[in-house]
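give me the fold of what follows.
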Amino acid sequence: MSLDLVVIGLGYVGLPLAREAVRGGLVVRGFDVTTSLVDALNEG
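Here you go, the predicted structure:
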């Protein structure tokens, strides 16, 4: 798998950016240090 974009910080700017990139067909990974946010995103 090829990685197209890494988003550092999944707050009010990073998360919408990552979502739009995925909708555009990019392979995206996100990074954030807030454990509760990461857990919530991983749960869907």
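
from here on, just use CA atoms for contacts and neighbour counts.
Noted.

and the residue nearest the centre of the protein?
Gly30 (3.4 Å; CA atoms, centre = their mean).

how many neighbouring residues does the closest residue in space to that residue that isn't next to it in sequence have?
Distances taken as CA to CA, 6 or more residues apart in numbering put Val7 closest to Gly30, at 4.7 Å, once the chain neighbours are dropped. When counting by other CA atoms under 10 Å, one arrives at 15 neighbours for Val7.

got it, and Val27?
Applying other CA under 10 Å, we find 15 residues neighbouring Val27.

ok, it - contacts?
Val27 makes contact with 2-5, 21, according to CA atoms under 8 Å, 6 or more residues apart in numbering.

try it again at 7 Å.
Going by CA atoms under 7 Å, 6 or more residues apart in numbering, Val27 touches 3-5.

quick one: what helix or strand has the residue nearest to Gly30 in it?
Using DSSP states H and E, Val7 maps to strand 5-8.

remind me which residues of the chain are low pLDDT?
For the chain, no stretch has pLDDT under 70.

check whether the residue nearest to the centre of the chain really touches Leu5, as I assumed.
No. Applying CA atoms under 7 Å, one finds Gly30 not in contact with Leu5, separated by 8.5 Å.

shared neighbours, those two?
Common neighbours of Gly30 and Leu5, using CA under 7 Å, 6+ apart, do not exist here.

residue contacts, Gly9?
By CA under 7 Å, 6+ apart, the neighbours of Gly9 are 31-32.

relative to Thr34, how far out is it?
Distance, Gly9 to Thr34, by CA to CA, to the nearest Å: 9 Å.

also Leu10?
Noted for Leu10: a distance of 9 Å to Thr34, by CA to CA.

please say which of these two ends up with more neighbours.
For Leu10 versus Thr34, the count of surrounding residues by other CA under 10 Å is larger for Leu10: 19 against 11.

mind checking the SS state of the more buried one?
Here Leu10 is coil, with the state taken from DSSP: H, G, I helix; E, B strand; the rest coil.

done for today, thanks.
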